[in-house]
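>>> take a look and give me a structure for this.
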Amino acid sequence: MSRPPVGYFEGMYASSDDPYGLRTRWYEERKRQLMLAALPQRRYRSAYEPGCGNGEVTLALAARCDALFASDMSARAVALARARCADVPNVRIEQHTLPDDWPEGTGRFDLIVLSEIGYFLDAASMHALAQCCMNALDANGTLLACDWRPDFSERALATDEVHAALSALGLARLLRHEEDDFLLQLWSRDGRSVAAHEGIR
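Model (predicted):
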């Protein structure tokens, strides 16, 4: 299995604390809001966000989680994310390269968020990451994936292939939101809709 291009990320974060415009672009703010709105539960016990970048999604997720563990392969991104979440006590951030460094000793998660990382992996690594997610989801766990669709030079895997690897896990798909720019999907071990979960239907 090949490893993601760590030099690419370190170069990006060396030139800017916010190389993807997560704090300034309406595209990123809107996408973040859609991701949060897609989550079927109001609150989560224990969540994991690999590929956290500079911590913008991390900060937003923290408000919905009792405990949030985040990671990134870039040392600079980890430092930025820790600074961004310094006043948020329920967040812990570490440097990990996935799937090799999947956090085996942190227990099971009821939410895993894979945002914009799968397409940096080759097919074998993506399938390994998908299996890590499956093994770490608790009995009612939710898995969310959101990925950029247009091609770019550092891409190792098509977004459709990333999401196919996650779909193949056999979890119930609760949501698919597709735009020209990105694909957002959500799966769960609990196949009930939000309305069914609350007894409305």
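>>> tell me the centre residue of the protein?
Nearest residue to the geometric centre of the chain (CA atoms, centre = their mean): residue 114, 2.2 Å.
>>> longest strand in the chain, please.
strand 137-148 (DSSP state E).
>>> ok now whichever helix or strand comes after that strand, how far from the chain's centre?
Using DSSP states H and E, the helix or strand that follows strand 137-148 in sequence is helix 159-167. Offset of helix 159-167 from its chain centre (CA atoms, centre = their mean, to the nearest Å): 14 Å.
>>> just stretch 12-21 next, same as before
19 Å.
>>> where do the strands sit along the chain?
Going by DSSP E, the chain shows strands at 44-50, 65-72, 91-95, 109-115, 137-148, 172-178, 182-188.
>>> out of those strands, nearest to residue 26?
strand 182-188 (13.7 Å; CB to CB). Backbone N, C-alpha and C define where each C-beta goes, glycine included.
>>> for the record, mean pLDDT for the closest one?
Strand 182-188 comes out with an average pLDDT of 98.
>>> likewise for stretch 73-92?
Rounded mean pLDDT across stretch 73-92 is 96.
>>> just the C-alphas of that stretch, formatted as CSV.
The C-alpha coordinates for stretch 73-92 follow below in CSV (Å, rounded to 0.1, in the frame of the first residue of the first chain):
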residue,chain,number,x,y,z
MET,A,73,-0.6,13.3,8.9
SER,A,74,0.9,16.8,8.7
ALA,A,75,2.7,18.0,11.8
ARG,A,76,2.0,21.6,10.9
ALA,A,77,-1.7,20.9,10.4
VAL,A,78,-1.8,19.2,13.8
ALA,A,79,-0.2,22.2,15.4
LEU,A,80,-2.7,24.5,13.8
ALA,A,81,-5.7,22.3,14.7
ARG,A,82,-4.5,22.2,18.4
ALA,A,83,-4.2,26.0,18.5
ARG,A,84,-7.7,26.3,16.9
CYS,A,85,-9.2,24.0,19.5
ALA,A,86,-7.1,25.0,22.4
ASP,A,87,-10.1,26.2,24.4
VAL,A,88,-12.2,23.2,23.7
PRO,A,89,-11.6,20.6,26.4
ASN,A,90,-13.4,17.6,24.7
VAL,A,91,-11.0,17.6,21.7
ARG,A,92,-7.8,15.6,21.4
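>>> what about the closest residue to residue 131 other than its chain neighbours, how many residues nearby?
Leaving aside its sequence neighbours, residue 131 sits nearest to residue 169 (CB to CB, 6 or more residues apart in numbering; 7.7 Å). Other residues within reach of residue 169, judged by other CB atoms under 10 Å, total 16.
>>> the one 10 residues further on too?
Summarising burial for residue 179: neighbours were counted as other CB under 10 Å, giving 10.
>>> quick one on the thing from earlier: so for the longest strand of the chain, mean pLDDT?
97.
>>> would you mind measuring from the residue nearest to residue 131 to residue 149?
Separation of residue 169 from residue 149 (CB to CB, to the nearest Å): 21 Å.
>>> same check, this time on residue 104
For residue 104, the distance to residue 149 - CB to CB - is 32 Å.
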